[in-house]
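Peer 1: pasting the sequence and the predicted model now:
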Amino acid sequence: MAERKPIESWLTDMDGVLMHEGVPVPGADAFIKRLRESGKPFLVLTNNSIYTPRDLHARLSRIGLDVPWESIWTSALATAQFLDDQRPGGTAYVIGEAGLTTALHDIGYVLTDHSPDYVVLGETRTYSFEALTKAIRLINDGARFIATNPDETGPSPQGALPATGSVAALITKATGVDPYFVGKPNPLMMRHGLNVIGAHSETSAMIGDRMDTDVLAGLEAGMETFLVLTGLTRPEEVERHPFRPSRVVDSIADLIDLV
């Protein structure tokens, strides 16, 4: 096996790696501090499209994690980048929150329910029957179907929440049209992120807590991958997958000395 080049830039997932149910993972603050002191480019990634990077910066700051908003890359930003590349200045009907609508406004998209180029589905806590019906009819009329991420559930203190992937499945069942998912595990999100920080996959690493999104996306983007066990994946589940991370560690605290 060819020896990899030294790691010069880092991408890390947020939930399950830096924080868990609103509480910082031990060592996360020291890892971020070491990254910032090193001067190495880095991004904190999330498939959650609800919040803007400034919102997430504020949320992380409240729990003691000092991540600049410029170092946060969301599936909403990746989706906006994709649409700007594909059809600049287009139109979209959006189901989602400020993180997604702001990202689309920032690239010059017009949000409309009148013959849009795209129906864009993101995360929200208030999916309405009326909005879903509108999305289904627009797709049936020819709008292209995009979704920010394929996650079927999300965590909450009370238990699982239905997420974008589950709602996308409902729309697909009603229309017969599959969405194009932009977020992890699509390596497009990783490559866009690497471009943002001017990094290259062969000298970059991805840290995540999920085999099916974080590790897979990093692997397919050609990056070194680290799985932490502070999130959703249990040690016994790693071997069930046909692919492996470069390393499995207990938590992000075990990676501080690698920065």
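Peer 2: Here it is on my side, so go on. If you're wondering where the values come from, they're calculated on a predicted model, not measured in any experiment.
Peer 1: secondary structure element for Ala92?
Peer 2: Using DSSP states H and E, Ala92 maps to strand 91-95.
Peer 1: can you give me the offset of the helix or strand following that strand from its chain's centre?
Peer 2: Using DSSP H and E, the helix or strand that follows strand 91-95 in sequence is helix 98-106. When C-alpha coordinates are averaged (Cα atoms, centre = their mean, to the nearest Å), helix 98-106 and its chain have centres 15 Å apart.
Peer 1: same question for helix 98-106, mean pLDDT?
Peer 2: For helix 98-106, mean pLDDT rounds to 98.
Peer 1: which strands and helices sit next to that helix?
Peer 2: The helices and strands touching helix 98-106, judged by 3 or more Cβ pairs under 8 Å, 6 or more residues apart in numbering; DSSP states H and E, are helix 75-86, strand 91-95, strand 110-111. Quick note: C-beta positions are derived from backbone N, CA and C, even for glycine.
Peer 1: try 10 Å this time
Peer 2: Packing partners of helix 98-106 (3 or more Cβ pairs under 10 Å, 6 or more residues apart in numbering; DSSP states H and E): helix 53-62, strand 72-74, helix 75-86, strand 91-95, strand 110-111, strand 118-121.
Peer 1: just say which of these is most tucked in.
Peer 2: strand 118-121 (a mean of 28; mean count of other Cβ atoms under 10 Å).
Peer 1: residues in contact with the helix or strand just after that strand: which ones?
Peer 2: Counting by DSSP H and E, the next helix or strand C-terminal to strand 118-121 is helix 129-140. Under the contact criterion Cβ atoms under 10 Å, 6 or more residues apart in numbering, helix 129-140 has outside partners 92-96, 112-116, 118-121, 124, 128, 143-145, 167-168, 170-177, 179.
Peer 1: and if you look at stretch 251-259?
Peer 2: 6-7, 10, 12-13, 16-18, 20, 24-38, 40, 42, 205, 207, 209, 224, 226, 228-231, 247-249.
Peer 1: check what pLDDT the residue nearest to Thr112 when sequence neighbours are not counted gets.
Peer 2: Residue nearest to Thr112 in three dimensions, not counting chain neighbours: Thr91, with 5.2 Å by Cβ to Cβ, 6 or more residues apart in numbering. Thr91 is assigned a pLDDT of 98 by the prediction.
Peer 1: gap between Thr91 and Asp84?
Peer 2: 13 Å (Cβ to Cβ, to the nearest Å).
Peer 1: ok, Thr153 to Glu123 distance?
Peer 2: For Thr153, the distance to Glu123 - Cβ to Cβ - is 11 Å.
Peer 1: for Pro88, same thing?
Peer 2: Distance from Pro88 to Glu123, by Cβ to Cβ: 25 Å.
Peer 1: so between the two, which is more surrounded?
Peer 2: A side-by-side neighbour count of Pro88 and Glu123, using other Cβ atoms under 10 Å, places Glu123 first with 29 against 10.
Peer 1: spit out the contact partners of that one.
Peer 2: By Cβ under 10 Å, 6+ apart, the neighbours of Glu123 are 46-51, 74-76, 95-97, 99-100, 147-149, 151, 154, 161, 163-164, 167, 183.
Peer 1: got phi/psi on the residue positioned nearest the centre of the chain?
Peer 2: Of all residues in the chain, the one closest to the mean position by Cα atoms, centre = their mean is Asn47, 2.5 Å from it. Per-residue torsions, Asn47: phi -80, psi -10 (degrees, to the nearest 10).
Peer 1: and for the closest residue to it other than its chain neighbours, the neighbour number?
Peer 2: For Asn47, ignoring the flanking residues on the chain, the nearest one in space by Cβ to Cβ, 6+ apart is Asn149 at 3.9 Å. By other Cβ under 10 Å, 30 other residues sit near Asn149.
Peer 1: so where do the helices sit in the chain?
Peer 2: For the chain, the helices defined by DSSP state H occupy 28-38, 53-62, 75-86, 98-106, 129-140, 164-175, 187-196, 216-220.
Peer 1: turn those into a markdown table, columns for distance to Leu255.
Peer 2: Output for those, formatted as a markdown table (distance: least, Cβ to Cβ, whole Å):
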| stretch | distance to Leu255 |
| --- | --- |
| helix 28-38 | 6 |
| helix 53-62 | 18 |
| helix 75-86 | 24 |
| helix 98-106 | 27 |
| helix 129-140 | 41 |
| helix 164-175 | 29 |
| helix 187-196 | 18 |
| helix 216-220 | 14 |
